[in-house]
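Peer 1: No letters, just coordinates:
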């Protein structure tokens, strides 16, 4: 049996990219505060990538992720504004995401219209909802201090945390999601459905229920990502996170997800988000233009896909 | 004891199964045999609960079977496995205890199960996509054992196995039999049936025509029951004059040994048929000739053509009709006119008016039932779509026709029209090579009939004199 080395390769590649920028700008890039900054910048995409990876592994796609993130910042900010309770705001963000995900899942399974179309529709509609309830202007809540602490700069006495609390939530989620895909029946059913839906159905797997669960879970993660964005910007912004779904999908694909379903790696997806943020930050630090960053990010995704195809070919030759 | 009472099922106007009853006792292997389209797969799907019969019922130990109670497990011809799961997970799919589970424990259980079946070498922890096809098939049977299903249905389980793997499968079937399982086994091959089956049920056109212990039948009886019907006389056969040779195959071998070492010549003024079972390589033979599959070795000589691309073929008056009408036979979104003129478009501009007028000629000639030449093809019946696919060859003025199952699934009226067109084409000096699963049709219109068996072109008979039993025997022996 051939061992799969793609995750170590990916992590190695990320470290190489990081070191390359570190060599170019040694003073800035090798500091702990830079690591902190990197996590802060990749957090929203990283959390979303975890959710979207589950959806992709089950053979689906979710184009509404960015809109859900924006809607969650709006509902979270409005709740915070009206109640002043951070707990309620957190609940509002997660619930918004969960409900949107459930809606997507139910429409996809009941309508049989295909996830691309259904989530394209909700991408447009949910962005509209966000604009509608916020009255088409950003919501600036009277925020208690600690909503900002999820992503805030570390002070001298909590320096020991290395990365902000939101980063630790991301680490824990990555571990939990990776574990659940491998060691729970639900996780294996997700893989089974993405791998061969008809076979899963014949074997008595409740295909529709599992699919809805992946969209709901994904939605909750987009809600959590929205909370982190709210924490960073202190704003409920209906036009934030535009195109974030594509970055999340890109992170999942860099991490080893196959858009035809059945394959995906949660740790890989998180590293994928870090890779993209590293390129972004690195280019800024070194002073490369935005267009160079965009080309570089595209090339990285292309390389990731090419590596994945080569590996798939090797595995099937081995069989 | 598995018992079926009066099972009937019709798809539209086609009776797939008509009042079929039989019983299969525990600890015995029942072979279900019949020609392509005789209703075998429909029968298995009904038994497995995947199709609901319009009449009749299935009982296990005098209790009616309900779908989802895991009494009957069907091992599909197209394997129903998830390539991204491990072997163990595929065996227990839908039965993995949850919510948490331990891969190691599941792999141990899978290994024990596989060892008990005589396959300890299958790695339970391996991803299924990395396993050879023979082992994947065993996983499906293991799935039945994991559910303790008393009835196991095997739909042509040996079609993709090597000889050594077949022996292992036979051994496994004997093991399961000894455990008291009831096994239904669908196969075309008499030698296999004799090897593993105790009893046999023979189907023809959805009817049960014979049953009994396998020892009570000689091969000739089985073949007679399978094909036993008279050739109808709506097959036209005018005087044809055999002319120059347009197609020569010399030891032609294609991808995956389909076809394998085929040699054949087709001349002007003759219709050559290709008989054989599903998977015998007939479609692959035609597609290899037309340049849709790679030539591995040997030679294809079509007229004096150097290149074997479909484009070059159409330009030199060689035309092809695909077996899969919806897949690559016709473009269902395009209009009748566009479909007919598709292979023979000239120039850069599309001239709809011109296309319409030439199309109208073929619509009249072939009696295609459509509103007008602009109607999209998807609105037409299968028979009329097939006439359009055939009209392409006439419009392109082809003199070599490669027809893959040209009459499959179409109505009798359209069939008669196509037979007449083929006969007329042969009479005016065209050469036709056609495949068919329907023997009476081949016997009715072909001058010569070649038989393929597992990739090889095993025999060529005179179409006028050969009998069905000989063709069937060549196909299955």
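Peer 2: Looks like it arrived, so ask away. Given the structure is predicted, the values throughout are model-derived calculations rather than measurements.

Peer 1: For the stretch 101-250 of chain A, what lies in contact range of chain B?
Peer 2: By the criterion of C-beta under 8 Å from any C-beta of the partner chain, the positions of the stretch 101-250 of chain A lying close to chain B are A:182-186, A:188-189, A:191-192, A:194-196, A:198-200, A:202-205. From N, CA and C alone the C-beta is placed, and that goes for glycine too.

Peer 1: out of the residues you listed, which are inside strands?
Peer 2: Under the assignment DSSP state E, these contribute nothing to strands.

Peer 1: Just the buried residues of these.
Peer 2: Buried subset of those (neighbour count, 16 or more other C-beta atoms under 10 Å in any protein chain shown): A:184-186, A:188-189, A:191-192, A:194-196, A:199-200, A:202-203, A:205.

Peer 1: give the contact list for the nearest residue to residue A:276 once chain neighbours are set aside.
Peer 2: If the residues on either side of it in the chain are set aside, residue A:276 comes closest to residue A:297, at 5.8 Å by C-beta to C-beta, 6 or more residues apart in numbering or on different chains. By C-beta atoms under 8 Å, 6 or more residues apart in numbering or on different chains, the residues touching residue A:297 are A:250, A:276, A:279, A:280.

Peer 1: Next, work out how far apart residue A:297 and residue A:273 are.
Peer 2: Residue A:297 sits 12 Å away from residue A:273, going by C-beta to C-beta, to the nearest Å.

Peer 1: same question, residue A:62
Peer 2: Distance, residue A:62 to residue A:273, using C-beta to C-beta: 16 Å.

Peer 1: hmm, which two among the buried ones among the residues of the stretch 101-250 of chain A next to chain B are most spread apart?
Peer 2: The distance between the two most remote of these (C-beta to C-beta) is 21.5 Å, for A:184 and A:202.

Peer 1: At the contact with chain A, which residues of the stretch 101-250 of chain B appear?
Peer 2: For the stretch 101-250 of chain B, the residues in contact with chain A (C-beta under 8 Å from any C-beta) are B:101, B:102, B:103, B:123, B:125, B:126, B:127, B:129, B:130, B:131, B:132, B:143.

Peer 1: Among those, which lie within helices?
Peer 2: Mapping these onto helices (DSSP state H) picks out B:103, B:143.

Peer 1: Let me know the closest of the residues of the stretch 101-250 of chain B next to chain A to chain A.
Peer 2: Using C-beta to the nearest C-beta, residue B:130 comes nearest to chain A of those, at 3.9 Å.

Peer 1: in stretch B:163-179, what counts as buried?
Peer 2: Within stretch B:163-179, the residues that count as buried by 16+ other C-beta under 10 Å are B:165, B:166, B:168, B:169, B:170, B:172, B:173, B:176, B:177.

Peer 1: So which of the buried ones among the residues of the stretch 101-250 of chain A next to chain B are in helices?
Peer 2: Judged by DSSP H, the subset of these located in helices is A:185, A:186, A:188, A:189, A:191, A:192, A:194, A:195, A:199, A:200, A:202.

Peer 1: wait, isn't the fifth one in contact with residue A:257?
Peer 2: No. With contact defined as C-beta atoms under 8 Å, residue A:191 and residue A:257 do not form a contacting pair (11.5 Å).

Peer 1: if we can go back for a sec, out of the residues of the stretch 101-250 of chain B next to chain A, which end up buried?
Peer 2: The neighbour count (16+ other C-beta under 10 Å) marks B:101, B:103, B:123, B:126, B:127, B:129, B:130, B:131, B:143 as buried among these.

Peer 1: and which of these is nearest to residue A:80?
Peer 2: Distance to residue A:80, by C-beta to C-beta, is smallest for residue B:101 among these, at 40.4 Å.

Peer 1: quick revisit: can you add pLDDT and give the ones in helices among the buried ones among the residues of the stretch 101-250 of chain A next to chain B back as CSV?
Peer 2: Output for these, formatted as CSV (pLDDT from 0 to 100):
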residue, pLDDT
A:185, 90
A:186, 93
A:188, 92
A:189, 93
A:191, 94
A:192, 94
A:194, 94
A:195, 91
A:199, 87
A:200, 89
A:202, 81
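
Peer 1: And those residues, which is closest to residue B:96?
Peer 2: Out of these, the member with the shortest distance to residue B:96 (by C-beta to C-beta) is residue A:185, at 4.8 Å.

Peer 1: measure the closest one to residue A:267 for me?
Peer 2: Distance from residue A:185 to residue A:267, by C-beta to C-beta: 21 Å.

Peer 1: if we can go back for a sec, and the ones in helices among the buried ones among the residues of the stretch 101-250 of chain A next to chain B as TSV, adding distance to residue B:404?
Peer 2: As requested, these are exported to TSV (distance: C-beta to C-beta, whole Å):
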residue	distance to residue B:404
A:185	45
A:186	45
A:188	41
A:189	40
A:191	38
A:192	36
A:194	34
A:195	32
A:199	30
A:200	34
A:202	31
